[in-house]
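In: give the three-dimensional model of this entry:
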Amino acid sequence: MAVTPEGGLTAAEVAERIQAGQVNGVDEGTSRTVKDIVRANVLTRFNAILGVLAVAVLATGRIGDAAFAVVLVLNAVIGIGQEVRAKRTLDRLALLHAPTASVIRDGSTSEVVLADVVLDDLIELSSGDQVPADGEVRASSGLEVDESALTGESDPMPKVVGDQVLSGTIVVAGRGCFQATAVGPDAYARRIASEVKVFTRTRSEIQDAINTLLRYITWILVGITPLLLWSQFRTDETGNWRDPVTGTVAAMVGMVPEGLVLLTSLAFLLAALALTRRQVLVQELPAVEGLARVDVVCLDKTGTLTVGDIVFDALEEVGDLDGEQVGAAIGAMADAPDPNASLKALGAAYAVPQGWARSGEVPFSSARKWSAAAFEGRGSWFLGAPDVLLGPDDELRARVAELAGTGRRVLLVQHSPSPLAGEHLPDDRSSAALITLGEQVRPDAAETLGYFAEQGVTIKVISGDNPATVGAIAREVGIDAGEPVDARTLGEEADDLIDVVEERTVFGRVSPHQKRAMVRALQANGHVVAMTGDGVNDALALKDADIGVAMGNGAAATRAIAQLVLLDGQFSRMPDVLAEGRRVIGNIERVASLFLAKNVYSLMLVLLVSVAGLPYPFRPRHLTLVSALTIGIPAFLLALGPNLQRYRPGFLQRVLKFAIPAGLITGLSIFSAYLLARTEGHAPDERRTAATIAALVVALWILVVLARPLRAWKLALVASMAGIAAAAIAIPPVRDAFELSIPGVLLPQVLAIGAAGALGVELVARWVARTEPGERRVRRRPRAERAEPTGGTPAGGAPAPQR
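Out: Down below sits the predicted model:
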């Protein structure tokens, strides 16, 4: 390996490596490519089936019966257009907030996006950074790296000059510099920000359920087609091959849920787009649904309940050292090359003293909870959590507890005449001062937490701060904190925490590894867990949570891991995300019920006409009319409309519970109307018209049921569809285009059959509403299920899907 000079690569050397393709080339994968979008919307199994059917209809010369192909094309064009538009918006937003690396080039440090890092670049690291490439450490000052994402080792690994670092790992303490020895496909860099996300890829119950349905429907189509063809040719009354072909095509078109996948992906995408307008970046589309399934939200105090800007409050001298000397030591410690938030607050209050030459340091880490610095001729000074630095019987603990109980952060300053000895705390330390730091509670925190409580979502506050401080802040924002738990008294593994995380609300002195274990313990108890955080100490927990939510001003590693990023750092955005997720789930459930009811009655008609030896009661153009007015247009509008229904698990079971009986009733009504017209000796066009009218009446009532509660816009939607249906039957040119012929004296009887079917659908809807469980149940999952949480628990009672 050629050693890069301390001044870094020159511009010419960087250009040479770019030309050779020796670049990081990270693909963040924020959205699909345009090619992928077109493929996903056009090259589907059902589009292929419908394309073949359209060719078959065109071969008969009955172009009007191929109208379903026009709807298919329009659906694809709308879907592609909307997704491309959303993709461009999301890509621009992701680019603005893309993770960067600090590289040394031409003797100066600059920020470049991760993809622009090249081989042999000198890259600076500081606490909270994610290592962007594989490399060799060239300089280290207390550098510690968390490699758990790659090796499973939970303890931070110290790195000295000559050690190797791997991309995807996280700097948890100190700072340093390394030379990139492997980039792009030769390193872990291609999985930066996505590697840990692949480990917990957001699960979508809706997508899983729809994929299951599509698989079953495909097999049904394969099995039913030969029977259908045979029955249509056997019952042909005209001797014209065109009638059996169009009848078969009509039946198959009815069984294809051609718009369901499109509307599902479109609903996710437009929800993500809506959230970007509210300063929420969605890095995985199913995360929109995922947060709606959440029933426990774990919060870190700093940056979530509080603004995160720490300010100096007061200093209380507790030792024999001169106050002026203590103030100088605080100013000198705050003058660190890479200060954390506490040191920055102290630096704003205490000036840097003259003559304090730093000779060594131990950077702060969330695991240690203290930092130290040595100064020539002035000994070693320590700054950190009092409950870590003080002995168990130190009388100063009482004063610390008193100060922490006010909600202020308390730090202890200690001095030792001994030199620093790494992470070892010398025994000759003496306490010099207690420092209190103030944190401003977010003005919207109480309202946001109140919203979650109303929605049946449990809050857990998990912080690395003093339990008393965390408890005081929690009470200030309206959380029933009970007795805060000191996590140092708890175990480190999920199995040790299963009971305590279920029973208690506020936890202090939680290590990063314990945060992760608490998330896993809650998941083991059957909860769907969201974790919010902004610091590198939250990264492990965010990675394992069902939904990770990072603050936009948080550590780069935390933002890279999260599925959702609150760009403006406002915790009050969370209700927007929850509401958007619930809207998507509730609306797709309605849409799926519409499509599946149609699939059920289409399948039932195939079976009935095959057994009875009758022609199929529709031509493709009739189903195009029925589908457009009772499914296509309404489904698109319902999928994008407001919906405040709470999440309940069991999407597929609930959809089938309504769609199957409703579809059976619709199919029976259609068949009855057709059979009545045939028995009375009416012409084929009048029989098909009778079936179409019955289908419209019952299917429109299914729409009414699924659109509840009937707001003004929904009433207008249903009325418009019914009006267009009536016009299509009543207006001669339109009626002729759809080959409809009003069955004269049979019309009242056909309408009565449709009304009876609508009544049956209403009774099914009421039965579903009565039998829907309303209570929230929590179950413990078997060990085998805990690695990838499935489903979840309802956040509380909710109305039935049709309400």
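In: sketch out the low-pLDDT regions of the stretch 501-650 of the chain for me.
Out: Within the stretch 501-650 of the chain, the segments meeting pLDDT under 70 span 536-537, 555-557.
In: do a quick rundown of the strands in it.
Out: Using DSSP state E, counting those that start in this stretch, the strands of the stretch 501-650 of the chain run over 506-508, 529-533, 547-551, 564-566.
In: top helix in this protein by residue count?
Out: In the chain, with assignment by DSSP state H, the single longest helix is helix 574-612.
In: run the angle between that one and strand 547-551 for me.
Out: Going by axes from the mean of the first three to the mean of the last three CA atoms, to 10 degrees, helix 574-612 is angled at 150 degrees with respect to strand 547-551.
In: give me the buried positions along helix 574-612.
Out: Within helix 574-612, the residues that count as buried by 16 or more other CB atoms under 10 Å are 574-606, 608-610. The way it works is simple: take the backbone N, C-alpha and C, and place the C-beta from them, glycine included.
In: give me the most central residue, this structure.
Out: In the chain, the centroid-proximal residue (CA atoms, centre = their mean) is residue 287; its distance is 1.1 Å.
In: give me the distance between that residue and residue 268.
Out: 9 Å (CB to CB, to the nearest Å).
In: name the residues that touch whatever helix or strand residue 312 lives in?
Out: Using DSSP states H and E, residue 312 sits within strand 306-317. Contacts to strand 306-317, defined as CB atoms under 8 Å, 6 or more residues apart in numbering, come from residues 302, 323, 326-327, 330, 341-342, 344-346, 348-349, 399, 403, 408-409, 432-442, 445, 473, 534, 551, 553, 569.
In: average pLDDT across the helix or strand hosting residue 726?
Out: Assigned by DSSP H and E, residue 726 falls within helix 712-730. Across helix 712-730, the average pLDDT comes to 93.
In: mind checking how far that helix is from the chain centre?
Out: Relative to its chain's centre, helix 712-730 lies at 36 Å (CA atoms, centre = their mean, to the nearest Å).
In: how about it as PDB, C-alpha atoms only?
Out: Output of helix 712-730 as PDB, limited to C-alpha atoms (Å, rounded to 0.1, in the frame of the first residue of the first chain):
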ATOM      1  CA  ALA A 712     -69.600  14.800   2.200                       C
ATOM      2  CA  TRP A 713     -66.900  14.000  -0.400                       C
ATOM      3  CA  LYS A 714     -67.600  10.300  -0.100                       C
ATOM      4  CA  LEU A 715     -71.300  10.800  -0.600                       C
ATOM      5  CA  ALA A 716     -70.500  12.900  -3.700                       C
ATOM      6  CA  LEU A 717     -68.200  10.100  -4.900                       C
ATOM      7  CA  VAL A 718     -70.900   7.400  -4.500                       C
ATOM      8  CA  ALA A 719     -73.600   9.600  -6.000                       C
ATOM      9  CA  SER A 720     -71.400  10.500  -9.000                       C
ATOM     10  CA  MET A 721     -70.700   6.800  -9.700                       C
ATOM     11  CA  ALA A 722     -74.400   5.900  -9.400                       C
ATOM     12  CA  GLY A 723     -75.300   8.800 -11.700                       C
ATOM     13  CA  ILE A 724     -72.800   7.800 -14.300                       C
ATOM     14  CA  ALA A 725     -74.100   4.200 -14.200                       C
ATOM     15  CA  ALA A 726     -77.700   5.400 -14.600                       C
ATOM     16  CA  ALA A 727     -76.600   7.600 -17.500                       C
ATOM     17  CA  ALA A 728     -74.700   4.800 -19.200                       C
ATOM     18  CA  ILE A 729     -77.900   2.700 -19.200                       C
ATOM     19  CA  ALA A 730     -80.400   5.500 -20.000                       C
END
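In: what's the following helix or strand after that helix?
Out: With DSSP H and E, the next secondary element past helix 712-730 is helix 732-737.
In: just checking, what packs against that following helix?
Out: In terms of contacts (3 or more CB pairs under 8 Å, 6 or more residues apart in numbering; DSSP states H and E), helix 732-737 is packed against helix 712-730.
In: count of neighbours near the residue lying closest to residue 545 once chain neighbours are set aside?
Out: Closest residue in space to residue 545, ignoring its immediate chain neighbours: residue 531 at 3.7 Å, by CB to CB, 6 or more residues apart in numbering. Neighbours of residue 531 under the rule other CB atoms under 10 Å: 31.
In: next: residue 716.
Out: Residue 716 has 11 neighbouring residues, counting by other CB under 10 Å.
In: give me the contacts around stretch 748-758.
Out: 665-666, 668-669, 672-673, 676-677, 690, 693-694, 696-698, 700-701, 743.
In: that stretch: which residues count as buried?
Out: Under the neighbour-count criterion of 16+ other CB under 10 Å, stretch 748-758 has 749, 750, 753, 754, 756, 757, 758 buried.
In: quick one: average pLDDT of it?
Out: Model confidence over stretch 748-758, given as mean pLDDT, is 95.
In: how far does that stretch sit from the chain's center?
Out: 45 Å.
In: now that stretch - C-alpha only, PDB.
Out: Coordinates of each C-alpha in stretch 748-758 appear next as PDB, following Å, rounded to 0.1, in the frame of the first residue of the first chain:
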ATOM      1  CA  PRO A 748     -88.300  -3.600 -11.500                       C
ATOM      2  CA  GLN A 749     -87.600  -7.300 -10.700                       C
ATOM      3  CA  VAL A 750     -83.900  -6.900 -11.600                       C
ATOM      4  CA  LEU A 751     -83.700  -3.800  -9.400                       C
ATOM      5  CA  ALA A 752     -85.300  -5.800  -6.600                       C
ATOM      6  CA  ILE A 753     -82.800  -8.600  -7.000                       C
ATOM      7  CA  GLY A 754     -80.000  -5.900  -6.800                       C
ATOM      8  CA  ALA A 755     -81.600  -4.400  -3.700                       C
ATOM      9  CA  ALA A 756     -81.900  -7.800  -2.000                       C
ATOM     10  CA  GLY A 757     -78.200  -8.300  -2.800                       C
ATOM     11  CA  ALA A 758     -77.400  -4.900  -1.300                       C
END
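In: can you offset everything so residue one is 260?
Out: Okay, using 260 as the starting number, the last item reads as stretch 1007-1017.
In: name the element residue 379 belongs to?
Out: Using DSSP H and E, residue 379 sits in no helix or strand.
In: any idea how far residue 281 is from it?
Out: With distances taken as CB to CB, residue 379 is found 8 Å from residue 281.
In: repeat that for residue 271.
Out: Separation of residue 271 from residue 281 (CB to CB) stands at 14 Å.
In: the residue of the chain most remote from its centre: what secondary structure?
Out: Of all residues in the chain, residue 940 has its C-alpha farthest from the mean position, at 58.3 Å, by CA atoms, centre = their mean. Secondary structure, DSSP: H, G, I helix; E, B strand; the rest coil: residue 940 is coil.
In: pLDDT score for it?
Out: Reported pLDDT for residue 940: 88.
In: and what of residue 341?
Out: For residue 341, the pLDDT comes out at 65.
In: how distant is whichever strand or helix holds residue 474 from the center of its chain?
Out: Using DSSP H and E, residue 474 sits within helix 464-493. Helix 464-493 sits 31 Å away from the centroid of its parent chain (CA atoms, centre = their mean).
In: buried stuff in the strand holding residue 571?
Out: Within strand 565-576, the residues that count as buried by 16+ other CB under 10 Å are 565, 566, 567, 569, 571, 572, 574.
In: next SSE downstream of that strand?
Out: Going down the chain from strand 565-576, the next helix or strand is helix 582-593, by DSSP H and E.
In: what residues does that following helix touch?
Out: 574, 576, 578, 602-603, 605-606, 609-612, 615, 617, 630, 632, 634, 637, 640, 642, 672, 674, 691-692, 694.
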